[in-house]
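Novice: Okay, here's the prediction I keep looking at, along with the sequence it came from:
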Amino acid sequence: NCYATSQHYTEDWLGFIELEGMMPDWDFKSYGGSCRDGAMNGTIALANKMREANFIYHVKKFGDGFGHIIHNAFAVGRPLITRISDYKNTLAEPLLEDGETCFDIDKYSYSELSEVLKNIAPIKYEYMCKKVYERFKEIVDFDKEEKNIRLFLDKLI
């Protein structure tokens, strides 16, 4: 989101472009506000687009820490390419585990990361997708959240 136009995300956008340049056989897309492939509107369209992807590149140094993109990616079982340190002490942090649910770009050069991605064994990729979805189901419980919100609201009245 806003990678190409925001000073906050210049480094992350340049990393995306660098990785893309090292992987010419892969089709890279950039969706979101001010991104080169346009905005993605609606939860169904977003989920469907994410399902088309093998990985979701989501590096957002100044994000809010909830990470609706992270949560949506996990809900559809897609591993991330991210910087785990950006989500330290946030709601998204428990979802992220390098080599299991994501690839932490702080642990790789872009050259190393491109080789890891290009050479990932199908069984490892399938494992990661499954692990991502399982982690989502383990950590995220919207029914419980809804009950807690109702209890909170009831106390306000």
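Specialist: Ah, there it is.
Novice: quick one: residue 74 is in a helix?
Specialist: Yes. Counting by DSSP: H, G, I helix; E, B strand; the rest coil, residue 74 is part of a helix.
Novice: I'd assumed residue 101 was in contact with it.
Specialist: Yes. Using CB atoms under 8 Å, residue 74 is in contact with residue 101, at 7.4 Å. For every residue, glycine as well, the C-beta is placed using N, CA and C.
Novice: Any regions of this structure where pLDDT drops low?
Specialist: 1-9, 62-66, 157 (pLDDT under 70).
Novice: hey, what's in contact with both of residue 74 and residue 101?
Specialist: Applying CB atoms under 8 Å, 6 or more residues apart in numbering, one finds that residue 74 and residue 101 are jointly contacted by 95, 132, 135.
Novice: Please flag which of those residues sit within helices.
Specialist: 132, 135 (DSSP state H).
Novice: need the shared contacts of residue 74 and residue 101 in TSV with neighbour count and distance to residue 33, can you?
Specialist: Supplementary listing: these in TSV, determined by neighbours: other CB atoms under 10 Å; distance: CB to CB, whole Å:
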residue	neighbour count	distance to residue 33
95	24	23
132	24	25
135	19	27
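Novice: between the shared contacts of residue 74 and residue 101, which is closest to residue 42?
Specialist: residue 132 (21.9 Å; CB to CB).
Novice: So the closest one is in contact with residue 72, correct?
Specialist: No. Counting by CB under 8 Å, residue 132 sits too far from residue 72 to count as a contact (11.3 Å).
Novice: Please name the residues that touch residue 24.
Specialist: Applying CB under 8 Å, 6+ apart to residue 24 gives no contacts.
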